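*Asks:* Quick one, structure for this:
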Amino acid sequence: MPDQEPGTPFDSIESSHEYVGLLAEALEEARAAIQDEIGLAEREGAVRRGEALQLVAFKLEKLEAHITASRRLLNDLRSLRRLLLQERAPGARRRERDGAPEVEGA
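*Replies:* This next block holds a predicted model:
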């Protein structure tokens with residue numbers, strides 16, 4: 001029996017969506033920490049360090065926008081997959097062709 005490789009965060013759309021969500025949480029924490037560091041640099045009068053931290057905050061903001069877009073794209077893919085799989089379910093085409101919704105107990 002061949003060895004199975006351990007699951008990765010990208011085995012499915014759902015696990016990818018979850019992974020990207022964890023990245024978003026980590027980014028939020030990093031942004032909060034950087035804002036604290038910026039405040040500390042300003043209080044200490046460390047201008048150059050403050051400017052570098054502002055650049056880090058800007059880059060984190062850009063990354064967060066990309067992660068948010070990725071989450072939306074993955075969500076769209078999940079919705080589209082559900083739609084497509086539902087259409088391929090047994091009887092779905094017959095119900096669609098007949099124009100009648102499926103009624104339980106009928």
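*Asks:* Report the rounded mean pLDDT for whichever strand or helix holds residue 39.
*Replies:* Using DSSP states H and E, residue 39 sits within helix 13-44. Mean per-residue pLDDT for helix 13-44: 95.
*Asks:* Likewise for stretch 72-92?
*Replies:* 85.
*Asks:* mind listing what residue 12 touches?
*Replies:* Neighbouring residues of residue 12 by C-beta atoms under 8 Å, 6 or more residues apart in numbering: there are none. For the C-beta atoms, the positions are set from N, CA and C on the backbone; glycine is no exception.
*Asks:* re earlier: what element comes up after the helix holding residue 39 heading to the C-terminus?
*Replies:* Later in the chain than helix 13-44, the nearest helix or strand by DSSP H and E is helix 47-87.
*Asks:* packing partners for that next one?
*Replies:* helix 13-44, helix 92-98 (3 or more C-beta pairs under 8 Å, 6 or more residues apart in numbering; DSSP states H and E).
*Asks:* how about the first one: buried residues?
*Replies:* Of the residues in helix 13-44, 13, 16, 17, 20, 23, 24, 27, 31, 34, 37, 38, 41 count as buried by neighbour count, 16 or more other C-beta atoms under 10 Å.
*Asks:* List the residues that contact the first one.
*Replies:* When contacts are counted by C-beta under 8 Å, 6+ apart, residue 13 touches 74, 77, 78, 81.
*Asks:* Please pick the buried ones from the residues you listed.
*Replies:* residue 74.
*Asks:* Any idea which residue is closest to the centre of this structure?
*Replies:* Centroid check for the chain by C-alpha atoms, centre = their mean gives residue 71 as the closest residue, at 2.9 Å.
*Asks:* Sweet, I'm off.
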